[in-house]
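S.K.: Model the structure of this input:
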Amino acid sequence: MGNDSWSKTEKQAARRAFDLAYRRECEAISGEVRRQAAAIIGPDDLWGLHNFLTQQRKETDEKYDYRYSQLEIVFARLVVDGWLQLDELAGLAKEKLNRIGAIVGWAAERDEG
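M.R.: Below you'll find the model as predicted:
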């Protein structure tokens with residue numbers, strides 16, 4: 001996104017928000033794993049759980065990219081996906097928050113249309 005530098009305060013706020021979203025998503029995945037594990041009856045169920053975990057790992061590894069050059073896009077996606085709220089990004093510079101909000105708005109318009 002922007003080539004803005006990240007202040008120490010912004011880096012701390014970004015790390016907090018990033019970790020919060022990651023924990024939330026991992027907790028949701030864990031809940032689904034427990035549900036699927038409790039329903040295992042045979043080999044197909046077992047390998048289905050394995051496939052689910054493999055897919056989730058791939059998706060989270062792609063989504064949670066903590067390079068500062070990517071964080072605005074990452075945060076916008078996490079807001080759109082429901083893992084973060086915009087107010088949980090408090091501490092970021094107004095310009096960054098504006099860009100993140102614009103991406104979220106664009107995604108909402110795209111989904112409506």
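S.K.: Flag every buried residue along the strand or helix carrying I100.
M.R.: Element membership of I100 [criterion: DSSP states H and E] is helix 94-112. Residues 96-97, 99-100, 103-104 are the ones in helix 94-112 that count as buried (16 or more other C-beta atoms under 10 Å). (Each C-beta comes from the backbone N, C-alpha and C, glycine too.)
S.K.: now swap in stretch 24-40 and tell me
M.R.: 25, 29, 36.
S.K.: surely the second one meets Q56?
M.R.: Going back to what we said before, that points to I29. Yes - the criterion here is C-beta atoms under 8 Å, and I29 meets it with Q56 at 5.1 Å.
S.K.: from the buried residues of stretch 24-40, which is closest to L46?
M.R.: Checking these against L46 with C-beta to C-beta, the nearest one is Q36 at 9.5 Å.
S.K.: Grab the longest helix from this structure for me.
M.R.: helix 8-38 (DSSP state H).
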